[in-house]
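Novice: with the input below, show me the fold.
(2 chains)
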Amino acid sequence: MGYPDDSTVLAALKTAIRNGVHKIELGYPSPDPKYDGPGIKRTHLGNPASIDSDYPEIFSELREHGISYYALLYYSDVCADLDYSLRRLKELGFKGLILPDLLIDYFSESKQIITHIQGQSLEFVPFFTQATPDAVIREVSRKTRSWIYYGLQPSTGIIVPLDFKSVGRRVGELLAGRNVVYGFGIRGTRDVELLRNMGAYGAAVGSAFVEHLRSGDMGSIAELLKEMGGAASA
Amino acid sequence: MLKSQQDEIMPQNWYNIIPDLPEPLPPPRSEGSKNSSIELLNRIIPGELLRQEFTFNRYERIPDEVREKYQMIGRPTPLLRAVNLEKLLDYRGKIFYKYEGATITGSHKINTAIPQAFYAREEGISEVVTETGAGQWGTATALASALYGLKSKVFMVRVSYDQKPMRKAVMNVYGTEVIPSPSSETDYGRSILSQNADHPGSLGIAISEAVEYALNTGSRYMLGSVMNSVITHQSIIGLETKKQLEIEGEQPDVMIGCVGGGSNFSGFVFPFVGNSNSIEMIASTAAEVPKFRDGGYKYDFIDSAGILPKLRMYSLGAGFVPDRIYAGGLRYHGAAPALSLLVKRGTIAHDEVQENEVIDALKIFSRTQGIIAAPESGHAIASALRYIKGEKNSRKTIVINVSGHGLMDLGIFSKKVG
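Specialist: Got it, this is the predicted structure:
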């Protein structure tokens, strides 16, 4: 949200909807985007967007097209008044939220927090990474009903060597029957094809999308989404 | 040892604790919004090693060529019962020690140097570079690179370089170039020397110099400790110990090892952590470098210059320069993230031992078991002696990891031997 500016975000969302995007994750800026890579980090810096802003055009556009949208926030930014944040997210029409730092920095309280969020009729989207232990994946996924966000790389937008087949085996074993959306480091159609072959429910494209957002070129965003959509359904 | 015995004890796979941790391991963090120091690892570390660094695979197959080299350098290492020590202490339980000093290079460090050099060669790399504190890691790197025909360079912490000329000589014999750190070979070294020409150096500084050299030359940086992939390789210590105890019909009640960056200790105990409810695990550190006692559990840089990512670990601060203690391998400011996490949760206890107590422990061990252990390992022995003092009447089975021999470190006794 708010990057590079509100009108570009609105235009990009319209483009995304026209090009077959089913779910949208709207990230709110954090003063400490600790687990993001450099590309996404730049979108946080000096960005005044917050859940206190209404953005009527953006949300009415999403609602009008029946798009499910989810908020991505750092728990460290909302923990001071979680109930207020949950109320606001409900008012704004979010279906659920993703808290990438919850299981890492607040593990001992996480079960209680997840229960509380789900009690407010918001979906809690579990965010797992390669470093999430098996027992934690099993336990947290059992506690939730939402789709699952699985981060492939240690941080957003960066690439280190990865064995997609092993990931597929792990997810198949630990998260059988769950819809898993993979993110972090998804750069192109080849990645999307690999994910499709792994039985992925979806691919979350962040850093690559942000690069196009920065340019403000809606044609290139449409092209990116078409290519990735094509790879996903081929 | 017969090959059949070697095959029975030495595992086919390394063990990676990440998928079995009780909570998620905090990921590395990259500071700044320009470039990622995590992505930078692609330029300085072999790809296969980087994959292992971030993998969730519980087991990683040890390549056949690496297993052969392991056998060549003396694996499996012996697990011995310290009968004379038990008698001296009038201890009713049993004391075993895993002796990593029995490897050709005299310490556990060769366990990861071999696979790292192997992966570098497999990827067509011609030169490797690293740092060394006490000299054990540098020696292991020197041999491993010689075995795989790689050129090698080692930045050695200046205080150790001055105290241990024989270590330098050994590395030179293996064909490695050894540079005292801080040095004038790198921008970072020059910046340190410009402030203090007599700087004793630290592992953090030497790591920064080695990384800078790798970035500038296209060589690959060898990871000595701290990182997950290194600990995975070092799991061979614990996996062998497990098998050897099983053959003896024993179960450990207490496991004790020393901690610098944490690789020998973690490699020793991690394969047992699943049974940790019944095993006491004690990480012994130098009282002069009390990372677990006085350090915070926080994100901190691996190296002093902050080139590499930050890790969440117990740390005394990346700029920490410890006293000129003899146990150079324990002078590192931080400890491996997975080990730090388990210490924070109380799964692993810690103990801090001073140099004098270590020297006494080394003497007792050498006069009972015949082994002059490394000063670093002396901390584990000293912690074990402390433990036994408080448990005189128990019948616990205690296993100590003696991570290396001290035949290159005899200077520690020069003023103290009675």
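
Novice: need the longest helix for chain A.
Specialist: Among the elements of chain A assigned as helix by DSSP state H, the one spanning the most residues is helix A:218-233.

Novice: if you count contacts, what does that one end up packed against?
Specialist: helix A:6-18, helix A:189-197, strand A:202-203, helix A:207-215 (3 or more C-beta pairs under 8 Å, 6 or more residues apart in numbering or on different chains; DSSP states H and E). In this view, the C-beta of every residue, glycine as well, is placed from N, C-alpha and C.

Novice: what is the third one packed up against?
Specialist: Of the remaining helices and strands, those touching strand A:202-203 by 3+ C-beta pairs under 8 Å, 6+ apart are strand A:180-183, helix A:189-197, helix A:218-233.

Novice: where does the chain dip in pLDDT?
Specialist: I went with chain A, as the question did not name one. A:234 (pLDDT under 70).

Novice: you answered for a different chain; I wanted chain B.
Specialist: B:1-4, B:33, B:275-276, B:324-325, B:415-418.

Novice: domain assignment for it?
Specialist: According to automatic domain parsing, chain B is divided into the following domains: B:16-65+B:109-221, B:74-107+B:235-414.

Novice: and chain A, which of its residues are near chain B?
Specialist: A:34-35, A:37-38, A:41-42, A:45, A:103-105, A:107-108, A:129-136, A:153-155, A:157-163, A:166, A:170 (C-beta under 8 Å from any C-beta of the partner chain).

Novice: show me which of those are buried.
Specialist: Neighbour-count burial (16 or more other C-beta atoms under 10 Å in any protein chain shown) applied to these gives A:34-35, A:37-38, A:41-42, A:103-105, A:107, A:129-134, A:136, A:153-155, A:157-162, A:170.

Novice: so which of the residues of chain A next to chain B sit within strands?
Specialist: Counting by DSSP state E, the residues of chain A next to chain B place A:Thr129 in strands.

Novice: return the most buried member of the helices and strands packed on helix A:218-233.
Specialist: strand A:202-203 (a mean of 20; mean count of other C-beta atoms under 10 Å in any protein chain shown).

Novice: now the helices for chain A?
Specialist: A:6-18, A:38-44, A:56-64, A:75-78, A:82-91, A:102-105, A:107-119, A:134-143, A:164-174, A:189-197, A:207-215, A:218-233.

Novice: would you list the ones you listed in CSV and tack on distance to B:Gln251?
Specialist: Formatted as CSV, those follow (distance: least, C-beta to C-beta, whole Å):
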stretch, distance to B:Gln251
helix A:6-18, 59
helix A:38-44, 48
helix A:56-64, 59
helix A:75-78, 41
helix A:82-91, 46
helix A:102-105, 33
helix A:107-119, 30
helix A:134-143, 23
helix A:164-174, 30
helix A:189-197, 44
helix A:207-215, 49
helix A:218-233, 52
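
Novice: quick one: residues contacting B:Asn13.
Specialist: B:Tyr59, B:Glu60, B:Arg61, B:Ile62 (C-beta atoms under 8 Å, 6 or more residues apart in numbering or on different chains).

Novice: count of residues packed around the residue in the stretch 151-300 of chain B positioned nearest to chain A?
Specialist: Residue of the stretch 151-300 of chain B nearest chain A, by C-beta to the nearest C-beta: B:Tyr299 (8.0 Å). By other C-beta atoms under 10 Å in any protein chain shown, the residues close to B:Tyr299 number 17.

Novice: now swap in B:Met166 and tell me
Specialist: Counted with other C-beta under 10 Å, B:Met166 comes out at 14.

Novice: let me know the helix or strand that it is in.
Specialist: Element membership for B:Met166, per DSSP states H and E: helix B:165-173.

Novice: tell me the helix or strand right after that helix.
Specialist: Taking DSSP H and E, what comes next after helix B:165-173 is strand B:177-181.

Novice: what residues does that next one touch?
Specialist: Under C-beta under 8 Å, 6+ apart, the answer for strand B:177-181 is B:131, B:138, B:152-158, B:161-162, B:168, B:171-172, B:185, B:189, B:201, B:205-206, B:209.

Novice: what about B:Arg345, distance to B:Ser229?
Specialist: 22 Å (C-beta to C-beta, to the nearest Å).

Novice: that's a strand at B:Asn35, yeah?
Specialist: No - assigned with DSSP: H, G, I helix; E, B strand; the rest coil, B:Asn35 falls outside any strand and is coil.

Novice: what's the spacing between it and B:Leu215?
Specialist: 12 Å.

Novice: now do B:Asn57
Specialist: B:Asn57 is 28 Å from B:Leu215, by C-beta to C-beta.

Novice: quick check: longest helix in chain B by residues?
Specialist: Chain B, longest helix under DSSP H: helix B:228-248.

Novice: can that helix be found next to chain A?
Specialist: No - with C-beta under 8 Å from any C-beta as the criterion, chain A is not reached by helix B:228-248; the gap is at least 8.8 Å.

Novice: tell me the gap between that helix and the middle of its chain.
Specialist: Helix B:228-248 sits 14 Å away from the centroid of its parent chain (C-alpha atoms, centre = their mean, to the nearest Å).
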